[in-house]
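> Make a model of this:
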Amino acid sequence: MRKNTLKSIVSLALGASLCLAGAACGTSDDSGNGTKNADGKTTQGYDVSNVETVDEIAALVPDDVKKDGKLTVGMDTSYAPAEFLAEDGKTPVGYDVDMSKALAKVMGLEAENKVASFDMIIPSVGSKYDVGISSFTITPERMDAVDFVSFYKAGSTWATKKGNPDKIDPKDLCGQTVAVQIGTTQEEELTEMNKQCKADGKQEINVLSSKLQTDVTTNVTTGKASAFYADTPVAGYAIAQTDGQLEKLGEDVGVTKQGVVIKKGDKQMDEAVQKAMQKLMDDGTYEAILEEWGAKDGAIEVAEINPTDTK
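Have a look, this model is predicted:
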């Protein structure tokens, strides 16, 4: 699943690592001198200052969430253009970041985005974080553990070095080295592909898993892996930001809804988030945020609690 501005990928990846180690990367409405969106344009992010609180929705927020006036959001900031760190190495930016700020304002709260390891967010929602917003694909397995409110959709894309020098074929990856982020649906898919390689008596895929998507991308640009597999907007952003080092491989696959992660069975919070997200969709804020980040292709029209149709 998720990228810092890859023109300075090594220093920014290091900054993200240090940020995670410090576990105190706060949030800010100031993105410094701006950063790049998915279209390669400089943006400060979407200004949410005009988003108004809806009292009826704010009243739905559980007391234990609104007591400090903050919506604590767990996110892995290595997944541009959804959530990543600005060039100052500490400010979370991206369409998920702006969405979390707008969502919180509708609910009468202030978003407090907390940098986290992607695979540790879902287990910590309801204790350490009020919600998780980090390009989470909605799957039946995840819905066994947490609730979701859908608000985006994305497929998966393969990326490799320009010209595909290793002649990678996504339909036959046995014996190849593929980079992926830990805890993502793409990592799960590679695990299933590996089972098929074994069943066919072929050499296994060398799955090079990393906690940060920035490291995943670096593993391909430096030749440690022949390809990586990630969400479509993320792969597209990486390709656009590496000055021609990478290219898309094959067609996008598996378009699936993504959502806000909520504690399992917290019906009050489910309803508050769903109504707040639908409000943003209906008044145009949602689309404006996605457009600011060049990510409108993944827009949906209806926010649902635990959707039965995730396509």
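
> C-alpha only now, for contacts and for neighbours.
Fine.

> Provide the backbone phi and psi angles at the spatially most central residue of the chain.
What sits nearest the mean C-alpha location of the chain, by Cα atoms, centre = their mean, is Ser135, with 2.9 Å. The phi and psi torsions at Ser135 (degrees, to the nearest 10) take the values phi 60, psi 40.

> Repeat that for Thr160.
Thr160 adopts backbone torsions of phi -140, psi 180, taken as degrees, to the nearest 10.

> Show the contacting residues for it.
Neighbouring residues of Thr160 by Cα atoms under 8 Å, 6 or more residues apart in numbering: 168, 220, 226-228, 246-249.

> Low-confidence ranges, the stretch 1-150 of the chain, go.
Scanning the stretch 1-150 of the chain for pLDDT under 70 picks out 1-34.

> what ranges do the strands span in it?
Using DSSP state E, counting those that start in this stretch, the strands of the stretch 1-150 of the chain run over residues 35-36, 42-43, 70-75, 78-79, 83-85, 92-93, 110-115, 131-137, 146-161.

> hey, which of those strands is tucked in deepest?
Neighbour counts (mean count of other Cα atoms under 10 Å) averaged over each of the strands of the stretch 1-150 of the chain peak at strand 78-79, with a mean of 32.

> could you show me where the helices are in this structure, in order?
Assigned by DSSP state H, the helices in the chain fall at 9-22, 55-58, 63-66, 95-106, 118-124, 140-143, 185-199, 213-221, 232-241, 267-283, 285-292.

> Domain map for the chain?
Listed by automatic domain parsing, the domain ranges of the chain are 6-154+255-298, 156-254.

> Now these in CSV, please, with extra columns for distance to Lys311.
CSV is the format used below for the domains of the chain (distance: least, Cα to Cα, whole Å):
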stretch, distance to Lys311
domain 6-154+255-298, 5
domain 156-254, 8
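
> Can you tell me which of the ones you listed is nearest to Asn306?
Comparing the domains of the chain by their distance to Asn306 (Cα to Cα), the top pick is domain 6-154+255-298, with 5.1 Å.

> centre of the chain versus that closest one, how much separation?
9 Å (Cα atoms, centre = their mean, to the nearest Å).

> count of neighbours near Gly69?
16 (other Cα atoms under 10 Å).

> Could you give the number of residues near the residue lying closest to it once chain neighbours are set aside?
Excluding the flanking residues, the one nearest Gly69 by Cα to Cα, 6 or more residues apart in numbering is Leu109, at 5.0 Å. Leu109: 22 surrounding residues under other Cα under 10 Å.

> isn't Leu109 right up against Lys67?
No. Taking contacts as Cα atoms under 8 Å, Leu109 lies outside contact range of Lys67: 9.7 Å.

> Report how many residues lie close to Thr91.
Thr91: 21 surrounding residues under other Cα under 10 Å.

> How much space separates Lys224 from Lys248?
18 Å (Cα to Cα, to the nearest Å).

> neighbour count winner among those two?
Taking other Cα under 10 Å, Lys224 and Lys248 do not tie; Lys248 has more neighbours (21 against 15).

> If you drop the residues flanking it in sequence, what lies closest to Gly155?
Per Cα to Cα, 6+ apart, closest to Gly155 is Val255, 3.7 Å.

> The one you found contacts Ala154, correct?
Yes. Judged on Cα under 8 Å, Val255 makes contact with Ala154 at a distance of 5.0 Å.

> And the strands of the stretch 1-150 of the chain: which comes nearest Pro123?
Pro123 sits nearest to strand 146-161 of all those, at 8.7 Å, using Cα to Cα.

> got the angle between that closest one and helix 285-292?
Orientation note: strand 146-161 sits at an angle of 20 degrees relative to helix 285-292 (axes from the mean of the first three to the mean of the last three Cα atoms, to 10 degrees).

> what separates strand 146-161 from the chain centre, distance-wise?
On Cα atoms, centre = their mean, the centre of strand 146-161 falls 8 Å from the chain's centre.

> Show me what Leu246 bridges to in the sheet.
Lys161 (DSSP bridges).
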